[in-house]
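A.B. asks: Output the structure for:
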Amino acid sequence: METTVKTYAKTKWAIDPTHSEIVFKVKHLMITNVKGEFRKFNAEIESDGKDFTNALVRATIDASSIFTNEDNRDAHLKSADFFDAENYKELSFVGTSFKRKGEDEYELKGKLTIKGVTKDVTFTVEFGGITKDPWGNEKAGFSLNGKINRTDFGLNWNAALEAGGVLVSEEVKISAEVQFVKQ
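C.D. replies: Numbers count the residues shown, from 1 in each chain. Predicted coordinates:
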């Protein structure tokens, strides 16, 4: 008995930056979250057709594109105390595993590099589906969530509070809403 294995040509997907966002939240004064975002980034996926299981995922983020809606804070985040954007122009992510966990749920594991330090990270991913836009472009949508410890990447600056605790949490929550265009 002969078995037929169905194979698909690799499909490339490029980020649609006008319909995508990468945001983060960090506790400030240990009582509220402060939100920020990166405004310039690039990402690509290489999948087996429309099946994203085991897809290759790569992304880069322009460190100087950080925006928190406060100029002094943005300048501090770009400084050597945090991202050192002058010497480390990009953050990068290279996926090592993209596994289906449910009908529209995936787990994305990979190597995140910030300030020259590379660590393993894991994100939960919700697949929003594939559709065509009004101009005939095929698009795939994803929601991504995870968290990292910023000190693992050398983002160590902090200040002790008089009442105890620290000014900025070590935990950073990351989320992204991303659309990709089939190439």
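A.B. asks: Tell me where this protein has helices.
C.D. replies: Applying DSSP state H to the chain gives helices spanning 71-78.
A.B. asks: And the strands in it?
C.D. replies: 10-15, 21-28, 32-38, 41-48, 51-62, 66-67, 90-100, 105-114, 117-132, 138-149, 168-182 (DSSP state E).
A.B. asks: could you dump those strands to TSV with mean neighbour count?
C.D. replies: Every residue, glycine included, has its C-beta placed from N, CA and C. TSV is the format used below for the strands of the chain (neighbours: other Cβ atoms under 10 Å):
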stretch	mean neighbour count
strand 10-15	17
strand 21-28	17
strand 32-38	15
strand 41-48	18
strand 51-62	17
strand 66-67	19
strand 90-100	16
strand 105-114	18
strand 117-132	14
strand 138-149	17
strand 168-182	18
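A.B. asks: among those strands, which is nearest residue 79?
C.D. replies: strand 66-67 (10.9 Å; Cβ to Cβ).
A.B. asks: Which residues does the closest one contact?
C.D. replies: For strand 66-67, contacts defined as Cβ atoms under 8 Å, 6 or more residues apart in numbering pick out 36, 37, 38, 39, 74, 77, 78, 83, 85.
A.B. asks: now stretch 133-146
C.D. replies: 13, 16, 19, 45, 50, 52, 108, 121-132, 173-182.
A.B. asks: Just the CA atoms of that stretch, as CSV, please.
C.D. replies: Taking C-alpha atoms only, stretch 133-146 is exported to CSV below (Å, rounded to 0.1, in the frame of the first residue of the first chain):
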residue,chain,number,x,y,z
ASP,A,133,-9.1,42.8,1.6
PRO,A,134,-11.1,44.9,-0.9
TRP,A,135,-8.0,45.1,-3.2
GLY,A,136,-7.6,41.3,-3.4
ASN,A,137,-4.7,40.9,-1.0
GLU,A,138,-4.8,37.8,1.1
LYS,A,139,-4.3,38.6,4.8
ALA,A,140,-3.7,36.6,7.9
GLY,A,141,-4.3,38.0,11.4
PHE,A,142,-2.8,37.1,14.8
SER,A,143,-3.0,38.4,18.4
LEU,A,144,0.2,37.7,20.4
ASN,A,145,0.7,37.9,24.2
GLY,A,146,3.6,37.2,26.5
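A.B. asks: same question for that stretch, mean pLDDT?
C.D. replies: Throughout stretch 133-146, pLDDT has a mean value of 96.
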